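Trainee: Following is a predicted model, sequence given first.
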Amino acid sequence: MAEPVFVKPPPEGDHEPPPKRKRFWWRFTLGSLVIVLAIAAATSASILLYVDSIATALSHHNHFGKLHRYLAQVHGGEAENILILGSDKRANLKEDPGRSDTTILLRLDPDRNAIAVMSIPRDLKTYIPGVGTTKFNAAYSFGGPKLTLRVVKEMTGLPINHVVNVDFLGFVRAVDAIGCVYTDVDRRYYHSNLGVPPSEQYSEINIKPGYQLLCGKKALEYVRYRHTDTDIVRSARQQDFLSSARERVPISKLVLGQNDLVDIFTKYTTSDISDTTTMLEVLKLFIASRNAAVKEIHFPARLGESYVYSSPEAIHGAIEKFLGIEASAGPRGSLDEGRSESKKGGGHGKKRAKPKKPHAPKPKPPGSDGLLSAHETSEAMGADVARKVGSGFPVFYPTRLPSGAFYVEDDPYEHVQNPRVYHLRDTEEMRHGAYRIVVEWPLPDGSHYFGLQGIQGWSDPPILDNPSVTETIHGREYEIYVDGDRVSMVAWHRGNNSYWVANDLLNTLTNDQMIGMARSAQVKLPNPKPRRGRAKP
């Protein structure tokens, strides 16, 4: 069993909760940019000049007490590491220290024109000074952002330049303020406390599978859900949601027009930014990174019954990837004890060659990709969808699946229906027919869910922006989306209709399996409905 990560004790009294200070509206700027990861959409230097003209009139205030002495200083334009904390502290409960529900490390590196993101599992077995060996998120409960910062620094060895703390009431209201977030929901999430003893109750949730617009409360339920998932799956779900959220709002809109966001982040966001000069330097860094690719680094984790385990060696290897903006290979959650060969010797400040453009995996002949024929059950699934959708909407369904995978069965008690046939509205409020076929794949670490999505008459949903590569295979053009070295999604079109095969949250399916399932998709045309007033032949 791995030993807990050891953290040196801070000086006595250093992890007291920080004093409360008056908050000013400009603090929302950094907080809002981070919480939605809106780091790729600034289009004009005039935005920066606009902010500068306002910032010169602001007073200098410190919002995290003595936190500054634990933060590393940088010169303008250098790469920075930002610690993002999502907590469930309620602003109206002064006695409540809160709990850290989400911890994300974000690195902005304008020289490499890249951004790295890494989540730290809340259940990581960690030694916390003054507390003992326990779960990582206890650091926030006992010492707030200050103690959490010290634990992260000792665990990772990273210099941290800024800290942003957003509580989840702010998250809910911010998601609503940006017009909600289009999310590709992998499966049915449902729990009701009706008839459940109080000791066994937990947060209720009722979200159906499929691509959809999630708003505040449901979005929070979705990203926080963990009762039948592991800590690693939950972190992956949060990463995907934040990635989708950043596409919803450009920086110009955040800075120049969203008064409701100003109010939200004034009330629910705190940061270490205590002067306008620092605020402007961070904004410049965000704008310099506007076109940067986001690289996800997997935290090296091994699941146990009560804790998530890691080792200093594995964490060091992940931090080298983080500093080098080098996306992790393999599925999310895989434990990589090794160090990155390209980053041995530190790599602080050394420029690296630009990453190679992703290439589509070469398709392999049927039978060599680990997929088996599921034609009979798949055809029945496709026919079921075709009966429910409107005429003029061709239905694609996969005919080959991984060994052991099966279509999720209907369960009225759990409110599960597969396939799900429904409607959604696009960014212009136009209504479209849609369907989602959900596949469950039981593996030793639990069940994984993936599936096929179809949308009628919407050729450019946000999820299909910026494919990694486009490839034509056997006459069908595929848009292939790569996360690290894994294919996360394969999409195609028929007319104005959009279809895609989505990997599970951990990207467990191999590239050959993803390409193979997309290639196996067959189409069924719904029967045209008879016109009213005409006799049937």
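Mentor: Looks like it arrived, so ask away.
Trainee: tell me the contacts of Y449?
Mentor: D186, R187, V408, V438, V439, E440, W441, D504, L505 (CB atoms under 8 Å, 6 or more residues apart in numbering). Placement of C-beta: from N, CA and C, glycine included.
Trainee: Tell me the spacing between the closest residue in space to R494 that isn't next to it in sequence and Y478.
Mentor: Among residues not flanking R494 along the chain, P394 sits closest, at 5.5 Å (CB to CB, 6 or more residues apart in numbering). With distances taken as CB to CB, to the nearest Å, P394 is found 16 Å from Y478.
Trainee: Neighbour count: those two, which is higher?
Mentor: Counted by other CB atoms under 10 Å, P394 and Y478 do not tie: Y478 has more neighbours, with 22 against 16.
Trainee: so that one touches M489, yeah?
Mentor: No: applying CB atoms under 8 Å as the test, Y478 and M489 come out as separate, 10.1 Å apart.
Trainee: What about the closest residue to I207 other than its chain neighbours, how many residues nearby?
Mentor: Spatial nearest neighbour of I207, chain neighbours left out: Y189 (4.4 Å); criterion: CB to CB, 6+ apart. Y189 sits with 19 neighbouring residues when counted by other CB under 10 Å.
Trainee: My guess is Y189 contacts I205. True?
Mentor: Yes: contact status for Y189 versus I205: in contact at 4.9 Å, counting by CB under 8 Å.
Trainee: what's the overlap in contacts for the two?
Mentor: Listed as contacting both Y189 and I205 by CB under 8 Å, 6+ apart are E221, Y222, Y225.
Trainee: and which of those is nearest R494?
Mentor: Of all the shared contacts of Y189 and I205, Y222 has the smallest distance to R494: 29.6 Å, by CB to CB.
Trainee: quick one: contacts for the closest one?
Mentor: T183, V185, Y189, I205, I207, L214, R237, F241 are the contacts of Y222 under CB under 8 Å, 6+ apart.
Trainee: For V172, see how far away the closest residue to the fourth one other than its chain neighbours is.
Mentor: The reference is to I205. Closest residue in space to I205, ignoring its immediate chain neighbours: E221 at 4.4 Å, by CB to CB, 6+ apart. For E221, the distance to V172 equals 10 Å [CB to CB].
Trainee: what's the answer for V233, then?
Mentor: Here the distance between V233 and V172 works out to 22 Å (CB to CB).
Trainee: So these two - more neighbours on which side?
Mentor: Here V233 and V172 are compared on neighbour count by other CB under 10 Å; more neighbours surround V233, at 24 against 19.
Trainee: Quick check: that one touching L506?
Mentor: Yes: contact criterion CB under 8 Å: V233 and L506 qualify, at 6.4 Å.
Trainee: And stretch 298-318, what's buried?
Mentor: Residues of stretch 298-318 classed as buried by neighbour count (16 or more other CB atoms under 10 Å): 298-303, 307-310, 314-315, 317-318.
Trainee: Average pLDDT for that stretch, rounded please.
Mentor: The average pLDDT for stretch 298-318 rounds to 90.
Trainee: what's the first-to-last distance across that stretch?
Mentor: Taking CA to CA, to the nearest Å as the measure, stretch 298-318 stretches 7 Å from start to finish.
Trainee: Name all residues that make contact with Q73.
Mentor: Counting by CB under 8 Å, 6+ apart, Q73 has contacts N161.
Trainee: sorry, that was for I82
Mentor: Contacts for I82 (CB under 8 Å, 6+ apart) come out as V34, L105, L106, R107, L108, I160, N161, H162, V163, V164.
Trainee: which secondary structure element contains the fourth one?
Mentor: For R107, the host element (DSSP states H and E) is strand 100-109.
Trainee: Extract the CA atoms of that strand and return them as PDB.
Mentor: Provided in PDB are the C-alpha atoms of strand 100-109 (Å, rounded to 0.1, in the frame of the first residue of the first chain):
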ATOM      1  CA  SER A 100     -12.700  21.600  -0.700                       C
ATOM      2  CA  ASP A 101     -14.700  19.700  -3.300                       C
ATOM      3  CA  THR A 102     -12.500  20.400  -6.300                       C
ATOM      4  CA  THR A 103      -8.800  21.200  -6.600                       C
ATOM      5  CA  ILE A 104      -7.400  22.000 -10.000                       C
ATOM      6  CA  LEU A 105      -3.900  23.200 -11.000                       C
ATOM      7  CA  LEU A 106      -3.800  25.400 -14.100                       C
ATOM      8  CA  ARG A 107      -0.600  26.400 -15.900                       C
ATOM      9  CA  LEU A 108      -0.500  29.200 -18.400                       C
ATOM     10  CA  ASP A 109       2.600  29.200 -20.600                       C
END
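Trainee: downstream neighbour of the longest strand along the chain in the secondary structure list?
Mentor: When the chain is parsed with DSSP state E, its longest strand is strand 431-443. Sequence-wise, the next helix or strand downstream of strand 431-443 (DSSP H and E) is strand 446-455.
Trainee: Show me what the helix or strand following that following strand is packed up against.
Mentor: Following strand 446-455 in sequence order, the next helix or strand is strand 469-473 (DSSP H and E). With contacts taken as 3 or more CB pairs under 8 Å, 6 or more residues apart in numbering; DSSP states H and E, strand 469-473 sits against strand 476-483.
Trainee: Output whichever helix or strand comes after the strand it packs on in PDB with nothing but the alpha carbons.
Mentor: The helix or strand immediately downstream of strand 476-483 is strand 486-494, counting by DSSP H and E. The C-alpha coordinates for strand 486-494 follow below in PDB (Å, rounded to 0.1, in the frame of the first residue of the first chain):
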ATOM      1  CA  ARG A 486      -6.500   8.800 -27.000                       C
ATOM      2  CA  VAL A 487      -9.400   9.200 -29.400                       C
ATOM      3  CA  SER A 488     -12.200  10.700 -27.300                       C
ATOM      4  CA  MET A 489     -14.800  11.100 -30.100                       C
ATOM      5  CA  VAL A 490     -15.400  10.200 -33.700                       C
ATOM      6  CA  ALA A 491     -18.000  12.200 -35.600                       C
ATOM      7  CA  TRP A 492     -19.600  12.200 -39.000                       C
ATOM      8  CA  HIS A 493     -22.500  13.900 -40.900                       C
ATOM      9  CA  ARG A 494     -25.300  12.900 -43.200                       C
END
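Trainee: Report the mean per-residue pLDDT for strand 486-494.
Mentor: Strand 486-494 comes out at a mean pLDDT of 96.
Trainee: Then stretch 216-235?
Mentor: 87.
Trainee: Stretch 374-384 now?
Mentor: According to the model, stretch 374-384 has a mean pLDDT of 92.
Trainee: about what we covered before: now for the contacts of Y449: which two are most distant?
Mentor: Top of the distance list for these (CB to CB): V408 and L505, 15.3 Å.
Trainee: neighbour count winner among those two?
Mentor: Shown here are V408 and L505; by other CB under 10 Å, L505 has more neighbours (26 against 20).
Trainee: mind listing what that one touches?
Mentor: Here L505 is in contact with D186, V233, A236, R237, D240, R332, H448, Y449 (CB under 8 Å, 6+ apart).
Trainee: which one of the residues you listed is nearest S498?
Mentor: Nearest member of the contacts of L505 to S498, counting by CB to CB, is D186, at 17.4 Å.
Trainee: who's the closest residue to the closest one other than its chain neighbours bridged to?
Mentor: Closest residue to D186 apart from its sequence neighbours, by CB to CB, 6+ apart: Y449 at 4.6 Å. For Y449, the beta-bridge partners are E440 (DSSP bridges).
Trainee: Can you tell me how far Y449 is from T510?
Mentor: 16 Å.
Trainee: before we move on, what about S498?
Mentor: Noted for S498: a distance of 24 Å to T510, by CB to CB.
Trainee: next one: H316
Mentor: According to CB to CB, H316 stands 28 Å off from T510.
Trainee: now stretch 527-537: mean pLDDT?
Mentor: The average pLDDT within stretch 527-537 is 56.
Trainee: Sweet, I'm off.
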